[in-house]
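Engineer: the sequence and its predicted three-dimensional model are supplied below.
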Amino acid sequence: QVQLVESGGGLVQAGGSLSLSCAFSGSFFSIYLMGWYRQAPGKQRELVAAILGSGSTNYADSAKGRFTISRDNAKKTVSLQMNSLNSEDSGVYYCNAKRGRNGARWEYDYWGQGTQVTVSS
């Protein structure tokens, strides 16, 4: 069983920076697709950034150039460095781990409990 624990959320002023971290407990971390998702009030959860075990990354358009996702396979952690934050970046940020893709589904799909990020303008 995989457990994900996020940390690093909080309140930051617009233009500021924040770093989120996710600790993975379980096996086979290096072969999981790790991602950060955001859910704002009244909106659907959306992908912010994702990273393969190889280090290949993918970003939402809103995150490109401002956010950086990284992972440490030895420490089993994934981080999200967020710069130039604005009010639209506010929401609950969730860490996600996926492996075993089968069409549109994943054999293993885990979520953390989420961490709140609030950007004040």
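Structural biologist: Okay, I see it.
Engineer: if I pick the closest residue to Gln39 other than its chain neighbours, what's in contact with it?
Structural biologist: Excluding its sequence neighbours, the residue lying closest to Gln39 (Cβ to Cβ, 6 or more residues apart in numbering) is Arg45, at 4.2 Å. Placement of C-beta: from N, CA and C, glycine included. Residues near Arg45 by Cβ atoms under 8 Å, 6 or more residues apart in numbering: Tyr37, Arg38, Gln39, Tyr94.
Engineer: buried subset of these?
Structural biologist: Neighbour counting with 16 or more other Cβ atoms under 10 Å marks Tyr37, Arg38, Tyr94 as buried within the contacts of Arg45.
Engineer: which secondary structure element contains the first one?
Structural biologist: Assignment of secondary structure by DSSP states H and E places Tyr37 within strand 33-39.
Engineer: got the end-to-end distance for stretch 19-32?
Structural biologist: 21 Å (Cα to Cα, to the nearest Å).
Engineer: give me the three-state assignment for the closest residue to Ile69 other than its chain neighbours.
Structural biologist: Closest residue to Ile69 apart from its sequence neighbours, by Cβ to Cβ, 6+ apart: Ala49 at 3.9 Å. Following DSSP: H, G, I helix; E, B strand; the rest coil, we place Ala49 in the strand state.
Engineer: Ala49: neighbour count?
Structural biologist: Ala49 has 23 neighbours, counted by other Cβ atoms under 10 Å.
Engineer: give me the sheet partners of the helix or strand that contains Arg101 and which way each runs.
Structural biologist: Using DSSP H and E, Arg101 sits within strand 91-102. Strand 91-102 sits in its sheet next to strand 33-39 (antiparallel), strand 105-111 (antiparallel), strand 115-120 (antiparallel), going by DSSP bridges.
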